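Chemist: Turn this into a model:
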Amino acid sequence: MWIALAVTLAAFGQKPDFAVVEKVAGAVGFYTAGGKRVGGAKVGTHPHEIVLSPDRKLAYVSDNGILWMQYAGEGGNTISILDVASMKKTGEIDLGNYRRPHGLDIHPKTGRMVSTIENPPGLLLIDPVARKVLRKYDTQGKAPHMALFDPDGETVYVSNTGTNTVAVLNLESGGVKLIDVEKNPQGGTFSRDGKLLFLTSSDGDAINIIDRARKERIGTIRTGRGPARVHVAPDNKTLIYNLQPGEAMAFADIASRKETTVIKLAGKPLSLTMAKDASRVYLGLQEVDKIVTVSVKDRKLIDSFETPKGAGPDVVLPLP
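Modeler: Numbers count the residues shown, from 1 in each chain. Purely as a prediction, here's the structure:
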């Protein structure tokens, strides 16, 4: 009994705080807040994005197969499924002839998953429980990259990086409305009241402001070099985003549409994710195998830790 209890307590003490997509190594690493790697699972070659299931028990990883999206290649055709509690891969979703999955999103109420694909270009609607593709959509643009469910669960915003548009795609009809944006659109996030979509354009050095009801671009925030991922601070007045080629992350004031703070980093941040309590953001520095933490309130670097050499960390996913 006491041995079993000791084992249980030891296991509890090793509970991970983050799942990190180790893009170069083709794995997902599980880390404590102090930076200790307590588990890991091999997935497909060069995984790119990761999302949690609505019950937060499973993680889904896009096995893209290509390190950088601008590289040529057939790519992978699976989405790996990981059990968060055991930190093990438990299965995968076979995408068949649809290859190079990238941006993932799951609607918290319907449980439906969407994934962009680069070969052939488009968007997939997936039943993650049945592990099958339900439908493929034409996003009417080149190189679809990131996908974001509208809160209504029936509409998805897809960034067409190759044609500088955002596709507003209705899952029922397959109809698409295109919104012109700055060059190379990437990731986005909604304002906390749900009225606006903020979408980065990495080659345009800009964040596009899109009115959700009108489905129109209504403004632009000029930024430093290469914004790619963005979040809204708890005050609903501030945007927080990475600047990949600028080797930095930054803050911008929504009302004045001005960049206000830039924090230099020790490498190029490929990702930016927010802590569950929104007090911090985490950035993966792929080329230097490092994770850094920045305080939202104090706007300064507060922590960092190294991943194994050659891991190539990208997305840092806070775990329940």
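
Chemist: So for whatever helix or strand Asp314 lives in, mean pLDDT?
Modeler: Applying DSSP states H and E as the criterion places Asp314 in strand 313-318. The pLDDT scores in strand 313-318 average 97.

Chemist: What lies in contact with that strand?
Modeler: Under the contact criterion Cβ atoms under 8 Å, 6 or more residues apart in numbering, strand 313-318 has outside partners 17-23, 29, 47-52, 59, 270-271, 273-276, 282-286, 289-291, 307. In this view, the C-beta of every residue, glycine as well, is placed from N, C-alpha and C.

Chemist: Neighbouring strands - and their directions - for it?
Modeler: strand 18-22 (antiparallel) (DSSP bridges).

Chemist: can you pull the buried residues of stretch 252-270?
Modeler: By neighbour count on 16 or more other Cβ atoms under 10 Å, the buried set for stretch 252-270 is Ala252, Ile254, Glu259, Ile263, Leu265, Gly267, Lys268, Pro269, Leu270.

Chemist: Which ones among the contacts of strand 313-318 map onto helices?
Modeler: The helices, defined by DSSP state H, take in nothing from the contacts of strand 313-318.

Chemist: what about Leu285, neighbour count?
Modeler: Neighbours of Leu285 under the rule other Cβ atoms under 10 Å: 25.

Chemist: What about the nearest residue to it once chain neighbours are set aside? Give its phi and psi, please.
Modeler: Of all residues not flanking Leu285 in the chain, Gly267 sits nearest, at 3.6 Å (Cβ to Cβ, 6 or more residues apart in numbering). Backbone torsions of Gly267, given as degrees, to the nearest 10, read phi 180, psi -170.

Chemist: Tabulate the CA atom coordinates of the strand holding Asp314 in CSV.
Modeler: C-alpha atoms of strand 313-318 as CSV (Å, rounded to 0.1, in the frame of the first residue of the first chain):
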residue,chain,number,x,y,z
PRO,A,313,10.7,23.9,-29.9
ASP,A,314,7.8,25.7,-31.5
VAL,A,315,4.4,25.8,-29.8
VAL,A,316,4.2,25.7,-26.0
LEU,A,317,0.8,24.5,-24.9
PRO,A,318,-0.2,25.0,-21.2
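
Chemist: Wait, Lys23 touches His46, no?
Modeler: Yes - contact criterion Cβ atoms under 8 Å: Lys23 and His46 qualify, at 5.7 Å.
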